[in-house]
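1. this one's structure only:
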C-alpha cells in the first residue's frame with residue numbers, strides 16, 4: 001500500500017472513531033492501530049486469496065485444454081476483426097455495406113470497429129473469469145458476449161438494423177423506447193431466428209444453430225437470474241473430482257469450467273461461421289487486395305472451423321450433461 005493510500009485509510013479510521021466513539025472503544029485499540037489492522041488484513045487475507053487465484057489460473061491453463069486453445073483462436077479472430085476495423089476507420093472504402101448510401105457519421109468502418117472491439121473485450125473478460133474459477137460470474141459475462149455477437153451479426157446482416165443501431169437520442173426515455181423496439185435482445189434474437197431458417201449453417205452436432213441459440217439463452221437465464229440452486233453451486237464450486245467444496249468467496253476450476261467453456265464455444269462457433277459468411281459474401285471481404293487482403297482471415301476461419309469440428313462435437317455429446 002502506498003503512503004498516500006495509507007493516509008486515506010488512517011483518516012477514514014480517525015473519522016470513524018470520532019463519529020462512533022463507542023464502536024472504537026470496543027476494538028481495544030486506537031484509530032491508528034485499527035488502520036494498521038486493516039492494512040495487515042489486506043496483506044495477509046487478500047494476499048492469500050490472490051495467491052490462490054494465481055494457482056487456480058495456472059492449473060486452468062493446463063487442465064482446460066484443448067478447450068482454451070479453441071477459445072483463444074476464436075478470440076484472436078475477433079481481435080483481428082477489431083484491428084482491421086480500427087486501421088480502416090478513416091479509409092474511403094468501407095469494410096461493411098460498401099454499396100449502400102449511408103450516413104458518413106458514424107462511418108460504417110467505425111461502427112464495425114466498435115462492435116468487434118466490444119466483442120473482443122467481453123470475450124477476454126469471460127476467459128479471465130473462467131480461468132480463475134468464477135463459474136457463475138463467467139456465465140453472466142458470457143451473456144454480454146452473446147448479446148454483442150448477436151447484435152453484430154444482425155447489424156451486418158440487415159440494413160434496417162444497421163440504420164437503427166447508429167441512431168442516438170439525447171432523451172433517455174426516447175433512447176430506451178428505441179432500444180426496446182429495434183435493438184433489444186428479444187428483437188435481435190427474432191431477426192437471427194429468421195436468418196437461421198432462411199440460410200441454415202450446418203455443423204456436425206445433433207442440434208440446429210437456432211436450437212443451440214435457444215438452449216444457450218435458457219442456460220444463461222438460469223445462472224444469471226435468481227435461482228437458489230445456481231447460487232448454491234456458485235458458493236460451493238466443484239473441483240476436478242466433482243465434489244463441492246466449501247470455499248466461500250473463492251472460485252474453483254473443475255469440470256463445470258469445461259462445461260461453461262463448451263457452451264460458450266458452441267455459441268461462438270455458429271456465430272463466427274455466420275459472421276464469416278456475411279462478411280465474405282455480403283460485404284465483399286473476398287475482394288480486398290494488398291495490405292487490406294482478407295485471405296489470412298479466411299484461412300484462419302477455416303483452420304478454426306476444422307479445430308472445432310475435430311473436438312467440440314465429441315466433447316459436447318459425450319461429456320456435457322443436460323443441466324450443466
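-> Done, it's in. Here the structure is a predicted model, which means the values were calculated and not measured.

2. name the helix or strand of the protein that has the lowest mean pLDDT.
-> In the chain, no helix or strand scores lower on mean pLDDT, DSSP states H and E than helix 228-235, which sits at a mean of 65.

3. past that helix, which element shows up next along the chain?
-> helix 255-281 (DSSP states H and E).

4. and that following helix, what does it pack against?
-> Other elements packing on helix 255-281 under the criterion 3 or more C-beta pairs under 8 Å, 6 or more residues apart in numbering; DSSP states H and E are helix 67-87, helix 108-131, helix 135-157, helix 209-224, helix 295-319. Glycine gets a C-beta too; all of them are placed from N, C-alpha and C.

5. show me what the third one is packed up against.
-> So that's helix 135-157. Secondary-structure packing of helix 135-157 (3+ C-beta pairs under 8 Å, 6+ apart): helix 108-131, helix 159-165, helix 185-198, helix 209-224, helix 228-235, helix 255-281.

6. what are the buried residues along the shortest one?
-> Applying a neighbour-count criterion of 16 or more other C-beta atoms under 10 Å, one finds 161, 162, 164, 165 buried in helix 159-165.

7. so how many other residues sit close to the closest residue to the second one other than its chain neighbours?
-> This points to residue 162. Nearest non-adjacent residue to residue 162, counting by C-beta to C-beta, 6 or more residues apart in numbering: residue 155, 5.0 Å away. Using other C-beta atoms under 10 Å, residue 155 has 25 other residues around it.

8. could you check how far residue 155 is from residue 267?
-> Look at residue 155 and residue 267: by C-beta to C-beta, to the nearest Å, they are 18 Å apart.

9. and whichever strand or helix holds residue 177, how far from the chain's centre?
-> Secondary structure from DSSP H and E places residue 177 in helix 172-178. Taking C-alpha atoms, centre = their mean, to the nearest Å, one finds helix 172-178 lying 25 Å from the centre of the chain it belongs to.

10. list the buried residues in that helix.
-> For helix 172-178, the buried set under the neighbour-count rule, 16+ other C-beta under 10 Å, comprises residue 178.

11. contact partners of it?
-> Residues outside helix 172-178 that contact it (C-beta atoms under 8 Å, 6 or more residues apart in numbering) are 164, 167, 168, 169.

12. buried set for stretch 54-73?
-> For stretch 54-73, by 16+ other C-beta under 10 Å, it's 56, 59, 60, 64, 67, 68, 70, 71.

13. start to end distance for it?
-> Separation of the first and last residues of stretch 54-73 by C-alpha to C-alpha, to the nearest Å is 23 Å.

14. mean confidence for it?
-> For stretch 54-73, mean pLDDT is 90.

15. next: stretch 176-185.
-> Rounded mean pLDDT across stretch 176-185 is 94.

16. please apply the same query to stretch 110-129.
-> Averaged across stretch 110-129, pLDDT comes to 96.

17. low-confidence bits of this protein, can you list those?
-> The chain contains residues with pLDDT under 70 at 223-250, 320-324.

18. and it, what are its domains?
-> 1-63, 66-319 (automatic domain parsing).

19. point out the most buried one among those.
-> Among these, domain 66-319 has the highest mean neighbour count (mean count of other C-beta atoms under 10 Å), at a mean of 17.

20. first-to-last residue distance for stretch 275-293?
-> End residues of stretch 275-293 are separated by 17 Å (C-alpha to C-alpha).

21. what packs against the host helix or strand of residue 35?
-> Per DSSP H and E: residue 35 is located in helix 31-41. If you count contacts as 3+ C-beta pairs under 8 Å, 6+ apart, helix 31-41 packs onto helix 3-19.
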